[in-house]
Every structure is written in structure tokens, then in C-alpha cells.
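# Sequence first, then the predicted structure:
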Amino acid sequence: MKKLLISMTILTTSILIADIEAGKKVYKENCAICHSINGGGGLGPDFNMVAYTRQKEKIADYAKDPYSLFETFGYSANAMPTLPLEDEQFKDVADYISSLQPFKKWMIKSK
């Protein structure tokens, strides 16, 4: 039983790392022109900050349909294009964005 649990943990970790790496590739090819990481500037919000405020499922949902969801996400307008990606690519890039900030907003101490 212990060996099975260890094997499953290793497999799950390997899959998650693969998803994050695939998402990083999607980011570089489709998102980096508008979205920075760690304050590099850009038209869209910095993905490190997005990771603080959004769950990865919501990130994927928004990336799939920004025109329908921009108001729901608190934006007054939408400049993000609809990207020609597969569902798995949206999931992978959301995994990558979420991985940028493991300590979410709720963990920050209030002033």
C-alpha cells in the first residue's frame, strides 16, 4: 500500500510538472506579448498578480471566453482576443499561471 501511494504521488507530481511546462510554452507563444510576469509591464495584467487573485479554473474559463466574462471579472472593457487554443492548452496555461504564486491573496497579512 505504501509503495502504491508513493508511486501515485510521483506520477501525480510528474503530470503536474508536465502541465506547468506545457502551460509555460503556451504562455510564451500566446500570452507573453501582453502579459508580463513579475512586473515587466504589458497591456494585460501581470500573471503573477493574476495568480494571487484567481483560481486556475477561473483563469482557464476567462482565457477561453474573455468577451463574455470581462465584466464578471471586474474589468470595464476587454482587449483580450479569443485565442485559438485547445481546451487542454487553456488548462495548461492556467496551471502555469497558478503555479507562479503558491501563496494566495488570503495568506497575505492585512496591514
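Nice, I can see it.
# E57: which element?
helix 56-64 (DSSP states H and E).
# the helices in this structure, which residues?
2-26, 47-53, 56-64, 66-69, 87-99 (DSSP state H).
# Tabulate those (TSV), appending mean neighbour count.
Placement of C-beta: from N, CA and C, glycine included. Below are those laid out as TSV (neighbours: other Cβ atoms under 10 Å):
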stretch	mean neighbour count
helix 2-26	13
helix 47-53	19
helix 56-64	19
helix 66-69	14
helix 87-99	21
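# Looks like N78 contacts S68 (just checking).
No: using Cβ atoms under 8 Å, N78 makes no contact with S68, being 9.1 Å away.
# residue ranges with poor pLDDT in the chain?
When residues are selected by pLDDT under 70, those of the chain lie in 1-16, 18, 102-111.
# list the helices and strands the helix holding E57 packs on?
Other elements packing on helix 56-64 under the criterion 3 or more Cβ pairs under 8 Å, 6 or more residues apart in numbering; DSSP states H and E are helix 87-99.
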